[in-house]
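> here are the coordinates; sequence isn't available:
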């Protein structure tokens, strides 16, 4: 009942009169909730048009839809297709960091909608959304898993099920910030597995992995490998942002 009241037109009008909608980035007033003002929208590198099929970054040069970028051809990518909503730079980077470290949960719903838009083209009929897990020690420190939050928001937009605890971190891994590609993959090796109590949910089924940022792809590769080892039929990945080469 309270949810219905909160979404009623009269209640929303009253709420906006007291708390006018603000831009998610700069806090300028905007026309509706969960939006960006014009300048911030222009400074957020949303990904649109043709993309590389393995990672979702914009195509470059004379390539065709379905092609893979150099990284996806040379680095382990145990997933079928990948997409990202925006590039990890400028306003997009600030939004991701605000969500990840700044308790900005107001970014969750629009982030889920942006990710749902790019995920629809690779969505399987039997897909199960699975967020990248945090180790319990990091969960205690941060108090929430940002990948699970945006995963739930995206799943609602797509109207597909989610299993937030399907994957688990078997050991605490060091921060990957500043590490080389090789060190990232080495750090994640054997660190993630499928929760035995949830394994039946992905047997013979498609998995849609969700994370906030893809850099080298080491974390997503570890998660995808764990899902495939548990007999998932197929794995695709969707991230809020992607750290593109030369950006």
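Alright, I've got the coordinates. Nothing here was measured: the structure is a model prediction, and the numbers come from that model. Numbers count the residues shown, from 1 in each chain.

> OK, contacts around the closest residue to residue 145 other than its chain neighbours?
Spatial nearest neighbour of residue 145, chain neighbours left out: residue 134 (4.7 Å); criterion: Cβ to Cβ, 6 or more residues apart in numbering. Where C-beta positions appear, they are placed from N, C-alpha and C, glycine not excepted. Residue 134 makes contacts with 142, 145, 147, 169, as judged by Cβ atoms under 8 Å, 6 or more residues apart in numbering.

> and which of the residues you listed is nearest residue 129?
Set against residue 129, the nearest of the contacts of residue 134 by Cβ to Cβ is residue 147 (10.4 Å).

> how deep is the closest one tucked in, by neighbour count?
Counted by other Cβ atoms under 10 Å, the residues lying close to residue 147 total 26.

> now residue 141
Using other Cβ under 10 Å, residue 141 has 9 neighbouring residues.

> how about it, phi and psi?
The phi and psi values for residue 141, taken as degrees, to the nearest 10, are phi -70, psi -40.

> with residue 157 instead?
Backbone geometry at residue 157, expressed as degrees, to the nearest 10, gives phi -60, psi -40.

> again, but for the one 4 residues further on
For residue 161, the backbone dihedrals (degrees, to the nearest 10) come out as phi -80, psi 160.

> so it touches residue 155, yeah?
Yes. Counting by Cβ atoms under 8 Å, residue 155 is a contact partner of residue 161 at 6.8 Å.

> of the two, which one has the most company?
Using other Cβ under 10 Å as the criterion, residue 161 and residue 155 rank with residue 155 on top: 25 against 11.

> what's the host helix or strand of that one packed up against?
Element membership for residue 155, per DSSP states H and E: helix 146-158. On a contact count with 3 or more Cβ pairs under 8 Å, 6 or more residues apart in numbering; DSSP states H and E, helix 146-158 meets helix 90-101, helix 108-119, strand 128-131, strand 206-214.

> again, only this time at 7 Å
helix 108-119, strand 128-131, strand 206-214 (3 or more Cβ pairs under 7 Å, 6 or more residues apart in numbering; DSSP states H and E).

> rounded mean pLDDT for the longest one, please.
Translated: helix 108-119. Here helix 108-119 scores 96 as its mean pLDDT.

> try the second one
Per-residue pLDDT over strand 128-131 has a mean of 98.

> next, the residues that contact it from outside, please.
145, 147-148, 151, 154-155, 160-164, 166-167, 201-202, 205, 207-210, 227 (Cβ atoms under 7 Å, 6 or more residues apart in numbering).

> and it, which residues are buried?
Buried residues in strand 128-131, counted by 16 or more other Cβ atoms under 10 Å: 128-131.

> can you show me the strands along this structure?
Assigned by DSSP state E, the chain shows strands spanning 81-87, 128-131, 167-169, 192-194, 206-214, 234-242.

> just put those in CSV and tack on distance to residue 112.
Below are the strands of the chain laid out as CSV (distance: least, Cβ to Cβ, whole Å):
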stretch, distance to residue 112
strand 81-87, 10
strand 128-131, 10
strand 167-169, 19
strand 192-194, 23
strand 206-214, 9
strand 234-242, 9
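
> minimum distance to residue 49: which of these has it?
strand 81-87 (12.4 Å).

> who's in contact with that closest one?
For strand 81-87, the surrounding residues in contact (Cβ under 7 Å, 6+ apart) are 44-47, 51, 53-57, 92, 114-115, 118-119, 122, 214, 236-242, 244, 247.
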